[in-house]
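Engineer: Dropping the sequence and predicted coords here.
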Amino acid sequence: MDARILEHYRRDDVAGEIAEFAKGRWLALEGQGEGGKVFVRWWRGKPLAVSSPAEFKALIESFSGAGIRSVYATACVYGKVASREDVEDPGNVVAATPSWDIDASLEEWEAAIEAAKLIVKFLEERGVRESVYLKWSGEGVHVHVHEGALSRRVLELADPLAVARALVEYTIRKLEGELRALTAKWPVLKVENLIDPKRVFTAPLSVHRRVDKVAVCFKPESIDSFDPSWADLGSFKHDPRWREHREGEADGLAIEALKALPALQGPLSRVRVERVEREEGGKLGRFQVMALLQAARYYALTGDLEKAKSFGLNRAVFYAWAKHYGPAARPRRGEGGPKPRRPPSTGRAEEAIESEVLGETVYVTRDGWFAMGGVAQKPSDYDRQVVRAIEAVVPYEEAWRRALDYVKSFPRSVLENPQEFYKRVYEPVRDGFVEKVVKRGERGPGSTLDLFLS
């Protein structure tokens with residue numbers, strides 16, 4: 001088990017928060033052992049459960065040799081969690097926490113926050129305010145309504161799990177148009193209703209399964225000021241007021257949802273880009289433009305498409321990171337060209353060696369993929385974060401061809417120099433790539449570079 005993570009879980013405040021949230025819930029532990037992924041829900045024939053900080057610490061120590069990283073807990077709260085029968089008996093569920101699962105990525109965390117804002121606003125408009133809290137999951141946000149906001153009066157109308165499912169589903173369906181608009185802008189975004197009897201969610205102050213981020217909680221009034229740095233392992237910012245709630249506050253919305261969805265069956269809502277609908281005049285974000293042009297740069301010089309994707313995404317992640325952390329994080333000139341201040345690890349570190357590629361100091365894994373903070377950027381990541389976002393605006397293959405033609409119009413000396421590439425190739429088209437490169441290309445090849453830069 002990573003020593004930093006073990007030390008994190010040994011902290012009294014961390015153990016206290018997790019144990020408090022875990023009371024009455026069925027737990028799960030996840031990690032990475034020598035034999036691969038580890039996912040534990042049972043111990044000596046019984047469901048994992050704790051009722052005190054001491055019990056939680058003992059549980060972590062027991063599994064410290066299994067490479068445990070993350071702690072999860074069910075949305076359901078049980079009358080007791082002592083046997084298999086307890087967690088398989090629907091009548092033993094005494095409460096359930098309405099929860100919206102919003103996934104994005106660490107690089108495009110704003111997407112998750114914007115989706116969370118829509119849900120929070122919807123809840124507030126229906127009188128649910130004091131009982132709402134948010135939890136940064138590492139690469140997304142969980143929006144929760146405290147289970148105590150649902151009174152016994154409502155829970156007599158339907159079982160707790162059915163009430164929570166209906167409330168979450170009703171909200172997503174009501175917001176579907178607005179949420180789909182966000183997924184068109186950020187294809188990485190996904191909003192789901194995952195309420196079911198055995199589904200688990202990240203516990204407060206758990207470490208993420210992959211990135212070195214802590215699941216910090218915060219209240220809606222802090223949503224505009226949220227920053228992923230709040231979740232940094234070792235220096236996290238957490239609001240313990242997730243406990244606060246007003247009994248019955250969510251009753252009105254729950255009744256509204258139950259009336260609208262009297263027999264909620266079948267698949268629950270999952271809002272994301274399933275079919276690309278392109279908007280006329282759409283605009284690409286700078287992150288995607290940087291990744292695309294850097295990939296085209298690498299491919300033009302090496303002819304290796306798969307590594308070009310890795311390099312393109314790697315450079316886009318680096319510049320986004322450098323912008324977020326300010327001038328101190330930007331490349332530094334040295335004898336070997338610009339050398340980045342290496343960012344802190346954002347995940348379970350893959351072994352990588354420092355190399356110089358196209359005049360830039362980068363880190364490369366044993367598999368040959370470029371990496372940042374110990375996390376490799378693979379071609380599949382490029383397809384997910386870049387290709388799909390571009391497809392929402394223009395056909396990717398067309399954008400790729402135009403980008404390659406554009407990049408190849410520059411001298412090799414420019415492509416091999418990071419500063420020249422940034423200044424002369426990327427910067428002039430970063431805010432108008434579709435208009436300046438793709439559509440100009442559609443009107444026929446220009447005879448000079450001015451075609452692209454006018």
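Structural biologist: In hand now; what should we look at?

Engineer: where's the nearest residue to R241 once chain neighbours are set aside relative to T361, distance?
Structural biologist: Spatial nearest neighbour of R241, excluding adjacent residues (CB to CB, 6 or more residues apart in numbering): K219 at 5.7 Å. Quick note: C-beta positions are derived from backbone N, CA and C, even for glycine. According to CB to CB, to the nearest Å, K219 stands 41 Å off from T361.

Engineer: Next: I223.
Structural biologist: Separation of I223 from T361 (CB to CB) stands at 37 Å.

Engineer: can you check I119 too?
Structural biologist: 42 Å.

Engineer: more neighbours, the two?
Structural biologist: I119 (25 against 18; other CB atoms under 10 Å).

Engineer: Name the helix or strand for that one, please.
Structural biologist: helix 109-125 (DSSP states H and E).

Engineer: so how far is that helix off the chain centroid?
Structural biologist: 15 Å (CA atoms, centre = their mean, to the nearest Å).

Engineer: before we move on, what about stretch 114-128?
Structural biologist: 20 Å.

Engineer: middle-most residue in this structure, spatially?
Structural biologist: Centroid-nearest residue in the chain, with CA atoms, centre = their mean: E139, separated by 2.2 Å.

Engineer: Flag the shaky bits of the stretch 101-250 of the chain, pLDDT-wise.
Structural biologist: For the stretch 101-250 of the chain, no stretch is flagged by pLDDT under 70.

Engineer: go with 90
Structural biologist: Residues of the stretch 101-250 of the chain that meet the criterion pLDDT under 90 lie in 104-108, 137-139, 156-158, 176-177, 180-189, 192-199, 209-212, 234.

Engineer: Check the stretch 251-400 of the chain too.
Structural biologist: Looking at the stretch 251-400 of the chain by pLDDT under 90, you get 259-287, 303, 316-362, 365-368, 371-398.

Engineer: in it, which spans are helices?
Structural biologist: According to DSSP state H, counting those that start in this stretch, the stretch 251-400 of the chain carries its helices in the segments 251-260, 286-302, 305-325, 379-382, 388-391, 396-408.

Engineer: and the residue nearest to the centre of the chain, what is it in contact with?
Structural biologist: Neighbouring residues of E139 by CB atoms under 8 Å, 6 or more residues apart in numbering: D103, A104, S105, L106, W109, A112, H208, R210, V211, K213.

Engineer: now with 10 Å?
Structural biologist: 102-109, 112, 188, 208-211, 213, 228, 346-347 (CB atoms under 10 Å, 6 or more residues apart in numbering).

Engineer: got it, and G24?
Structural biologist: 49, 51, 73-74, 76-81, 92-95, 147.

Engineer: okay if I get the helices of the stretch 251-400 of the chain as a markdown table plus distance to E156 and mean neighbour count?
Structural biologist: Putting the helices of the stretch 251-400 of the chain into a markdown table (distance: least, CB to CB, whole Å; neighbours: other CB atoms under 10 Å) gives the following:
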| stretch | distance to E156 | mean neighbour count |
| --- | --- | --- |
| helix 251-260 | 11 | 18 |
| helix 286-302 | 50 | 23 |
| helix 305-325 | 49 | 22 |
| helix 379-382 | 48 | 18 |
| helix 388-391 | 45 | 22 |
| helix 396-408 | 53 | 19 |
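
Engineer: Of all those helices, which one comes closest to W369?
Structural biologist: Evaluated over those, closeness to W369 peaks at helix 305-325, with 4.7 Å, by CB to CB.

Engineer: Can you name every helix or strand that the closest one contacts?
Structural biologist: Helix 305-325 sits against helix 286-302, strand 352-357, strand 360-365, strand 370-372, strand 375-377, helix 379-382, helix 396-408, with contacts defined as 3 or more CB pairs under 10 Å, 6 or more residues apart in numbering; DSSP states H and E.

Engineer: same thing but at 8 Å, please
Structural biologist: The contact analysis (3 or more CB pairs under 8 Å, 6 or more residues apart in numbering; DSSP states H and E) places helix 305-325 against helix 286-302, strand 360-365, strand 370-372, strand 375-377, helix 379-382.

Engineer: contact partners of the last one?
Structural biologist: What that stands for is helix 379-382. Contacts for helix 379-382 (CB under 8 Å, 6+ apart): A291, A295, E306, K309, S310, G312, L313.

Engineer: With adjacent residues omitted, what lies nearest to the third one?
Structural biologist: When you say that, I think you mean E306. Spatial nearest neighbour of E306, excluding adjacent residues (CB to CB, 6+ apart): P379 at 4.9 Å.

Engineer: State the distance from that neighbour to K323.
Structural biologist: For P379, the distance to K323 equals 24 Å [CB to CB].

Engineer: just how off-centre is stretch 289-309 within its chain?
Structural biologist: Between the centre of stretch 289-309 and the centre of its host chain there is 25 Å, according to CA atoms, centre = their mean.

Engineer: In PDB, list the C-alpha atoms belonging to it.
Structural biologist: Below are the C-alpha coordinates for stretch 289-309, written out as PDB (Å, rounded to 0.1, in the frame of the first residue of the first chain):
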ATOM      1  CA  VAL A 289      -6.700  22.500 -30.700                       C
ATOM      2  CA  MET A 290      -3.400  22.200 -28.900                       C
ATOM      3  CA  ALA A 291      -3.700  18.400 -28.800                       C
ATOM      4  CA  LEU A 292      -4.600  18.100 -32.400                       C
ATOM      5  CA  LEU A 293      -1.800  20.400 -33.600                       C
ATOM      6  CA  GLN A 294       0.800  18.800 -31.400                       C
ATOM      7  CA  ALA A 295      -0.300  15.300 -32.700                       C
ATOM      8  CA  ALA A 296       0.000  16.600 -36.300                       C
ATOM      9  CA  ARG A 297       3.400  18.000 -35.500                       C
ATOM     10  CA  TYR A 298       4.700  14.700 -34.100                       C
ATOM     11  CA  TYR A 299       3.200  12.700 -37.000                       C
ATOM     12  CA  ALA A 300       4.600  15.100 -39.600                       C
ATOM     13  CA  LEU A 301       8.100  14.500 -38.200                       C
ATOM     14  CA  THR A 302       7.900  10.800 -37.300                       C
ATOM     15  CA  GLY A 303       5.100   9.100 -39.100                       C
ATOM     16  CA  ASP A 304       3.900   7.300 -36.000                       C
ATOM     17  CA  LEU A 305       0.200   7.900 -35.600                       C
ATOM     18  CA  GLU A 306      -0.300   6.200 -32.200                       C
ATOM     19  CA  LYS A 307       2.500   7.900 -30.500                       C
ATOM     20  CA  ALA A 308       1.400  11.200 -32.200                       C
ATOM     21  CA  LYS A 309      -1.900  10.900 -30.300                       C
END
